[in-house]
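[1] sequence-free structure coming up:
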């Protein structure tokens, strides 16, 4: 499908170009969405340059995505698009910038692209020439990357709160204590009892999954920004002589915005790794607490087991076996030997 954005006296209009139709005069921007071979050849003949196919775009190496053929500059960059499943994925967008028109080749339908095209039709000053359309699309790509990074930042803040939140139930009781050292009066003191409720392993598992998704999305944005950074540097060198002062200033501003977003994405990647390590640490603490409970339980039941083992011996001379209160004594010893270790552990703060 070919959409021609034509500039005439009435402003900018969008016209669909069907198979065999001629390109309308005054076209400043041609958008090729899922182009077939006939459409690709039609535009190639118009530009006197061979447009890349889908296989060429996917197989081309990163270092070879930016090249020129005569006065036509070919620039392919990864962009963030939403897939059919609703997930954000990495797609490829190719700019073919000729002196008299811009051609975009895409096999995805990102929302930001449609929004820019609709704005260009309403605000006629956005696309007055091919270079303006090229710069406007670059700004839309950068804005989309910034929006995705803001979303990832919000997700990481929410996940960080889930990991590091103080899971406590607080109850306050008022006690009257007598200060007999200085004066026979009463003071009222608030004493806070804290009962901690640590997050469950299931919730931490969900956090790890969400952190992994945020890290994967951050990596895709970094890949897109790296491609845009190379594209801007290439465009500055190759198409710089065609630009006026304002266009050069816009391209320079786009480059600075991309550089700041690259630094922000690097910080988010570090934050993602930190949050992942912290989540794993919380899970390790939970597992350690479980092992501690089993260890304390085994230690607490060792003395009762010892008492029961002693009185379970089959020796002939055991005077306690003839006592009328021998059985209650043995039960009492087992209960006492279980309670005392638990009380000691509690006193030392091990429980």
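    That came in fine, so what should we check first? Computed from a predicted model, the values in this text were never measured in an experiment.
[2] Let me see the contact set for the residue nearest in space to the middle of the chain.
    By C-alpha atoms, centre = their mean, the chain has its centre lying nearest to residue 214, at 1.7 Å. When contacts are counted by C-beta atoms under 8 Å, 6 or more residues apart in numbering, residue 214 touches 152, 155-156, 159, 268, 272. In short, each C-beta sits where N, CA and C put it, glycine included.
[3] before we move on, what about residue 134?
    Per C-beta under 8 Å, 6+ apart, neighbours of residue 134: 95, 97, 102, 235, 239.
[4] neighbours around the fourth one, how many?
    Residue neighbour count, defined by other C-beta atoms under 10 Å, stands at 24 for residue 235.
[5] in a strand, that's where the residue nearest to the centre of the chain is, yeah?
    No: per DSSP: H, G, I helix; E, B strand; the rest coil, residue 214 lies outside any strand segment and is helix.
[6] Against residue 55, how distant is it?
    Residue 214 sits 32 Å away from residue 55, going by C-beta to C-beta, to the nearest Å.
[7] same question, residue 284
    48 Å.
[8] Return the list of helices and strands in contact with the helix or strand in which residue 274 is found.
    Here residue 274, judged by DSSP states H and E, is contained in helix 245-300. Applying 3 or more C-beta pairs under 8 Å, 6 or more residues apart in numbering; DSSP states H and E, one finds that helix 245-300 contacts helix 130-164, helix 201-238, helix 326-347.
[9] Would you indicate which residues of the second one are buried?
    What that stands for is helix 201-238. Buried residues in helix 201-238, counted by 16 or more other C-beta atoms under 10 Å: 204, 207-208, 210-211, 214-215, 217-218, 220-232, 234-235, 238.
[10] next one: stretch 142-157
    Neighbour-count burial for stretch 142-157 [16+ other C-beta under 10 Å]: 142, 144-146, 148-149, 152-153, 155-156.
[11] any idea which of those is closest to residue 91?
    Among the buried residues of stretch 142-157, residue 144 lies closest to residue 91 (C-beta to C-beta), at 11.3 Å.
[12] Nearest residue to the closest one in space, please, no chain neighbours.
    By the measure of C-beta to C-beta, 6 or more residues apart in numbering, the closest residue to residue 144 outside its immediate chain neighbours is residue 112, 4.3 Å from it.
[13] which residues does the one you found contact?
    Listed by C-beta under 8 Å, 6+ apart, the contact partners of residue 112 are 140-141, 143-144.
[14] Then residue 8?
    residue 26.
[15] cool, residue 57 as well?
    76, 92, 94, 105, 107.
[16] before we move on, what SS does the second one have?
    In terms of secondary structure, residue 92 is strand; the call rests on three-state DSSP.
[17] Would you confirm that it contacts residue 78?
    Yes: judged on C-beta atoms under 8 Å, residue 92 makes contact with residue 78 at a distance of 5.8 Å.
[18] Which helix or strand in this protein has the lowest average pLDDT?
    strand 168-179 (a mean of 41; mean pLDDT, DSSP states H and E).
[19] Can you show me the helices along the stretch 1-150 of the chain?
    Here the stretch 1-150 of the chain has its helices, by DSSP state H, counting those that start in this stretch, at 37-47, 54-59, 111-122, 130-164.
[20] between the ones you listed, which gets nearest to residue 280?
    helix 130-164 (10.2 Å).
[21] could you give the angle of the closest one to helix 201-238?
    160 degrees (axes from the mean of the first three to the mean of the last three C-alpha atoms, to 10 degrees).
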